[in-house]
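> Mind folding the following:
(one chain, ligands or ions: 2)
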Amino acid sequence: MEKNIEKVLVTEEQIQSKVAEFAEILSAEYADKDPVFVGVLKGVVVFFADVVRKITVPCEIDFMCLSSYGGTDSTGNVTVKKDLSVDIKGRHVVILEDIYDTGNSLSFLHKYLLSKEPASLKICTLLDKPERRKSDIKADYAGTFVPNEFVVGYGLDYAEYYRNLPFIGVLKESVYENNN
Ligand code: IMP
Ligand code: MG
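Numbers count the residues shown, from 1 in each chain. Ligands and ions are numbered 1, 2, ... in the order given. As a prediction, this is how the structure comes out:
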């Protein structure tokens, strides 16, 4: 698996220091607010598990799964594949995401969750890839900048693989050619 990596963009240590930083900020910000952390499946699972285990205040967790579809490259059509199980009306909600890329999924999700009338709604993303951005939603807590390259690892996949790498990297061209 690692033989298919061209380069590492964010090391395990760099990721873990961001995770600790986010957990500290969120624990301070949401102390006594009984927050709900909402993870966007599947890419967020590794980041989500690491962050919530470092949160030191009471909280609930929940997940949503979205799917994008459309003929051409990302038309912005997003649907809910798995909805929340917690009622977030009147609750303080933080969306956790792996990467903020075009913003199609986050802008949909932001609007969707606001319609459920939370007391507050914020966004925390580990990676920020602003070059292909189509939305003006602000990420309240944004981690590491990544250039306009397809990245894998730490939850992010290529064709459902590489999510279990502990770092964020870029695949070799040959992987796309051979499709393995
Ligand atoms: P969006 O373009 O901001 O709507 O991103 C939608 C989702 O696509 C993200 O939450 C990721 O799960 C996935 N995604 C975006 N960029 C990458 C990438 O470089 N590698 C792997 N998955 C990505
Ligand atoms: Mg995601």
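
> for D101, what are its contacts?
For D101, the contact set (Cβ atoms under 8 Å, 6 or more residues apart in numbering) comprises 129, 132-133. No exception for glycine: its C-beta is placed from N, CA and C like everyone else's.

> neighbouring contacts of stretch 145-153?
9-10, 99, 127-132, 158, 161-163, 165-171.

> what about 7 Å?
9, 127-129, 131-132, 158, 162, 165, 167-171 (Cβ atoms under 7 Å, 6 or more residues apart in numbering).

> Stretch 36-54 now?
By Cβ under 7 Å, 6+ apart, stretch 36-54 touches 19-20, 22-23, 59-66, 82, 84, 86, 88, 91, 93-99, 105, 109, 126, 154-157, 163.

> Tell me the secondary structure at A20.
The three-state label given to A20 by DSSP: H, G, I helix; E, B strand; the rest coil is helix.

> Same check on the one 3 residues further on?
When states are read from three-state DSSP, the local structure at A23 comes out as helix.

> any idea how far the closest residue to it other than its chain neighbours lies from G169?
Nearest residue to A23 in three dimensions, chain neighbours excluded: K54, at 3.4 Å (Cβ to Cβ, 6 or more residues apart in numbering). Distance, K54 to G169, by Cβ to Cβ, to the nearest Å: 23 Å.
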